[in-house]
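> Need a 3D model of the sequence below.
(2 chains)
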Amino acid sequence: MTDICGDFRRLLMAALEDLAARGVLPQRLDLSRVAVEPAREPAHGELSTNAAMVLAGPSRQDPMRLAESLARALKDREFETGGYRGTGFRVEAARPGFLNIRFGAEVWHAQLKAILEAGAHFGDSDLGRGEKVNIEFVSANPTGPMHVGHGRGAVVGDALAALLEKAGYRVTREYYINDAGAQVDALARSLYWRYREALGESLGAMPEEAYPGEYLIDTARALIACDGEKWFGRPQGEWLAPLRDFAVGEMMRLIREDLALIGVTHDLFTSERELVETGAVAETLAELEKGGLIYRGVLEPPKGKLPEDWEPRAQTLFRATRFGDEVDRPLKKSDGSWTYFATDIACHRKRMKDGFPLMIDVWGADHGGYVKRMQAAVTALGGGKAQLDVKLCQLVRLFDKGAPVKMSKRAGTFVTLREVVEAVGKDVFRFIMLTRRNDQTLDFDFAKVTEQSKDNPVFYVQYAHARAHSVMRHAAEALPASALADEALAGARIERLEDPFELALIRRLALWPRLVESAAEAHEPHRIAFFLQQLAAEFHLLWTKGKEEARLRFILASDPELTLARLALVRALALVIASGLAIIGVAPCEEM
RNA sequence: GACCCCGUAGCUCAGUUGGAUAGAGCACUCGCCUUCUAAGCGAGUGGCCGCAGGUUCGAAUCCUGCCGGGGUCGCCA
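Numbering: from 1, shown residues only, chains lettered A, B, ... in the order given. This is a model prediction of the structure:
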């Protein structure tokens, strides 16, 4: 654990306790709003804390005077971070009541050493304390190949999972297969149509509700290879279920293949149909019933535009309004089968029973209207112990050289995830999917994302990593490999690094653990991608400084000691970029 | 009509969970290749953070009400 903000916070807390013991501060103050963060302005030092301002009110003191007492209380205390131990910092009170903290270079040197010692584990956190988290993502209907929007959800979910793992959670990646509703029956009928067609029957246009995609032609061939003409001419009652299962199986195989293309694998596939057939849904309903949360009733018609066929109907309803939803929600269709909501409640209940206090669902933004009712159900069944966060992913719009790529399922100009990934590669796809917040629409331009220039963030970051390795390769020509190993570099005379740009890079690297934690807490993996871009920029800058001023070059034949110190910095940069890319799921290439 | 998301530089977007003088990329202007990859870097121009109130030491961030864009709205998933 090397988090300089966190480490300083501990020191600050000790000082606050001391002030409380001396009667300067009241006992048992609420310290939750006290923050130690990196300063935004260089003029404000390197870290700053709002402690005095936050505590001024409750302790009835002038913030500025409190800040000054705090500064005194901190003076000459021992500070421990990343292997450093000493008093190499200065604290000063500033204007409204901030405390600005400055460090001697030795503190940053220790940070760099600690990074090299931690290696790929630098930034690991125990924020999650080994708590179990379930992340449900993708969960595309098993009725056809995946499109780009599914791909976005896949990357967001998978990167979030990796991020939470790095932050100390035990993560289960789950795919919920919607294989129980009407749409998989439609899939079976579509397959049957393709089956008859493949067996030589001449048919007209496909029915309206059918899935017209050509992928089912292959599935029909596979079916023939498997079952021959067994189903031909038989009544629907005989073939519907077996063909549905066959089709869903094939679709899931396709989907897994597509996911494998972008490096996504799930730990758990849960079948909606199984939840129904094993009685898990019925059990769930019984449990709600016992809690008095289910009733038969008629819903108010929606205000504003009234649906054409609206008529008052008595339905089986869940009292979602008790838990913050706008209306109570139906659990059964008029044919007696479960609604999607009912089975989904059962799915979340299963997760809670499996011991997940935290569940995260990654959905498309079109499901936004569904969030409250699902959270209501989780609250109702979890007794407040379980929590559900839903990440909604906005649309991905495809462009090529600035022109929108027109897509229509009907017209057949439908771009699948596979096509996109085959065109641009897994790494580009994954990185670009994280260059926007999940709730922001994302423009994906084939030309731009494959461009090798600084305008392309994927390239920009990978290039920084490759450059670092390029330096190491050059160094290896003059220095023995044993001197370039991480352990050896950790022992280099790092204190020789004195240039402000070098120290600035170390400072940025030292923020990595804090960034991992805040991104994990916010469930926002895109922050990793943005951090890597900043880090890459800082490194490219340093590189160019070496171009301009020979004394700033990494490799100096005249000064092997300084060379090794700089290589330590270069190596640390490569480590952090690689560990960030690992979360995003992008390969850190060593050559471009 | 209700609910959810979004609104930040001309464009595309970040903004460390309420901090100090709001940032980056593109575009535009001007600079930097005898030297580890110029596939890069620097400088400059550019802002009523949609509008109006409120909360407090302090608001792009939290609350309320509007305006604009998108999504959703009883047996689709």
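
> hmm, the helix or strand of chain A with the lowest mean pLDDT in reach of RNA strand B?
Between all helices and strands in chain A, the lowest mean by mean pLDDT, DSSP states H and E belongs to strand A:403-404, at a mean of 83. No - using Cβ under 7 Å from any atom of the strand, we find that strand A:403-404 stays clear of RNA strand B, coming within 12.8 Å at best. Bear in mind the C-beta positions are built from the backbone N, C-alpha and C, glycine included.

> Please identify which helix or strand holds the spatially most central residue of chain A.
Centroid check for chain A by Cα atoms, centre = their mean gives A:Leu160 as the closest residue, at 2.3 Å. Per DSSP states H and E: A:Leu160 is located in helix A:148-166.

> okay, that helix in CSV with CA atoms only?
What follows is helix A:148-166, C-alpha atoms only, in CSV (Å, rounded to 0.1, in the frame of the first residue of the first chain):
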residue,chain,number,x,y,z
VAL,A,148,-21.5,-2.5,-31.0
GLY,A,149,-23.8,-1.4,-28.2
HIS,A,150,-23.5,-4.8,-26.6
GLY,A,151,-19.7,-4.5,-27.1
ARG,A,152,-19.7,-1.3,-25.1
GLY,A,153,-21.5,-2.9,-22.2
ALA,A,154,-19.2,-5.8,-22.4
VAL,A,155,-16.1,-3.6,-22.1
VAL,A,156,-17.5,-1.4,-19.4
GLY,A,157,-18.5,-4.4,-17.3
ASP,A,158,-15.3,-6.3,-17.8
ALA,A,159,-13.1,-3.3,-17.1
LEU,A,160,-15.2,-2.5,-14.0
ALA,A,161,-14.7,-6.1,-12.9
ALA,A,162,-11.0,-5.9,-13.3
LEU,A,163,-10.9,-2.5,-11.6
LEU,A,164,-12.8,-3.8,-8.6
GLU,A,165,-10.5,-6.8,-8.4
LYS,A,166,-7.6,-4.5,-8.3
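
> taking the mean pLDDT, what do you get for that helix?
Helix A:148-166 shows a mean pLDDT of 96.

> Please apply the same query to stretch A:555-575.
Mean pLDDT, stretch A:555-575: 93.

> List the buried residues of that stretch.
Under the neighbour-count criterion of 16 or more other Cβ atoms under 10 Å, stretch A:555-575 has A:555, A:562-575 buried.

> show me what contacts the residue nearest to the centre of chain A?
Going by Cβ atoms under 8 Å, 6 or more residues apart in numbering, A:Leu160 touches A:Ile135, A:Phe137, A:Ile360, A:Val362, A:Lys391, A:His523, A:Pro525.

> Can you check the pLDDT for A:Asp45?
Actually, residue A:45 is Gly rather than Asp. pLDDT, read off for A:Gly45, is 89.

> So what sits opposite the nearest residue to it once chain neighbours are set aside in the bridge?
Spatial nearest neighbour of A:Gly45, chain neighbours left out: A:Asn100 (3.8 Å); criterion: Cβ to Cβ, 6 or more residues apart in numbering. Here A:Asn100 shows beta-bridge partners A:Ser48, A:Glu92, assigned using DSSP bridges.

> All the strands of the stretch 401-550 of chain A, in order from the start?
Secondary structure of the stretch 401-550 of chain A (DSSP state E, counting those that start in this stretch): strands at A:403-404, A:442-445.

> Please identify the deepest-packed of those.
Among the strands of the stretch 401-550 of chain A, strand A:442-445 has the highest mean neighbour count (mean count of other Cβ atoms under 10 Å), at a mean of 20.

> Rounded mean pLDDT for it, please.
For strand A:442-445, mean pLDDT is 90.

> Show me the contact partners of that strand.
Against strand A:442-445 from outside (Cβ under 8 Å, 6+ apart): A:148, A:152, A:394-402, A:420, A:432-433, A:435-436.

> Give me the ChimeraX select line for the residues you listed, limited to the buried ones.
Buried subset of these, written as a ChimeraX selection, criterion 16+ other Cβ under 10 Å:
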select /A:148,152,394,396,398,420,432,433,435,436
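
> burial of the closest residue to A:Gly181 other than its chain neighbours, as a residue count?
Distances taken as Cβ to Cβ, 6+ apart put A:Tyr340 closest to A:Gly181, at 6.3 Å, once the chain neighbours are dropped. A:Tyr340 is flanked by 15 other residues according to other Cβ atoms under 10 Å.

> Looks like A:Lys385 contacts A:Pro357 (just checking).
Yes - applying Cβ atoms under 8 Å, one finds A:Lys385 in contact with A:Pro357, separated by 6.2 Å.

> Those two: who's more crowded?
A:Pro357 (14 against 10).

> just the angle between the helix or strand A:Leu575 falls within and helix A:148-166, please?
In this structure, A:Leu575 is located in helix A:560-584 according to DSSP H and E. Angle of helix A:560-584 versus helix A:148-166, following axes from the mean of the first three to the mean of the last three Cα atoms, to 10 degrees, is 130 degrees.

> what helices or strands is helix A:560-584 leaning on?
Helix A:560-584 is packed against helix A:105-118, helix A:148-166, helix A:457-478, helix A:481-484, helix A:486-490, helix A:500-510, helix A:512-522, helix A:526-548, with contacts defined by 3 or more Cβ pairs under 8 Å, 6 or more residues apart in numbering; DSSP states H and E.

> Remind me what the first one packs against, helices and strands.
Right, the one you point to is helix A:105-118. Other helices and strands packing on helix A:105-118, by 3+ Cβ pairs under 8 Å, 6+ apart, are strand A:79-81, strand A:84-86, helix A:486-490, helix A:500-510, helix A:560-584.

> picking up where we left off before, please enumerate the shared neighbours of A:Lys385 and A:Pro357.
In contact with both A:Lys385 and A:Pro357: no residue, using Cβ under 8 Å, 6+ apart.

> Show me which residues of the stretch 101-250 of chain A sit near RNA strand B.
Counting by Cβ under 7 Å from any atom of the strand, the stretch 101-250 of chain A comes close to RNA strand B at A:Asn141, A:Asn178, A:Ala180, A:Gly181, A:Ala182, A:Gln183.

> Specify which member of those is nearest to A:Arg194.
A:Gln183 (16.4 Å; Cβ to Cβ).

> what about the closest one, neighbour count?
15.

> A:Asn141 is in contact with that one, correct?
Yes - between A:Gln183 and A:Asn141 there is a contact under Cβ under 8 Å: 6.1 Å.

> Out of the residues of the stretch 101-250 of chain A next to RNA strand B, which end up buried?
The buried subset of those - by 16+ other Cβ under 10 Å - is A:Asn141, A:Asn178, A:Ala180, A:Gly181.

> from these, which two are the most distant?
The widest separation within these (Cβ to Cβ) is 11.0 Å, between A:Asn141 and A:Ala180.

> show me where the stretch 201-350 of chain A has strands.
Using DSSP E, counting those that start in this stretch, the strands of the stretch 201-350 of chain A run over A:268-271, A:294-298, A:314-318, A:329-330.

> chain center to the shortest one: distance?
Spelled out, it's strand A:329-330. Centroid separation for strand A:329-330 versus its chain: 31 Å, with Cα atoms, centre = their mean, to the nearest Å.

> Neighbouring strands of it in the sheet, and parallel or not?
Using DSSP bridges, strand A:329-330 pairs in its sheet with strand A:314-318 (antiparallel).

> Taking strand A:294-298 as reference, get the angle to the strand it pairs with.
Relative orientation of strand A:314-318 versus strand A:294-298 (the same axes, to 10 degrees): 140 degrees.

> Name the surrounding residues that touch strand A:314-318.
With Cβ under 8 Å, 6+ apart as the criterion, strand A:314-318 contacts A:288, A:293-299, A:328-332, A:341, A:345, A:373, A:376-377, A:380.
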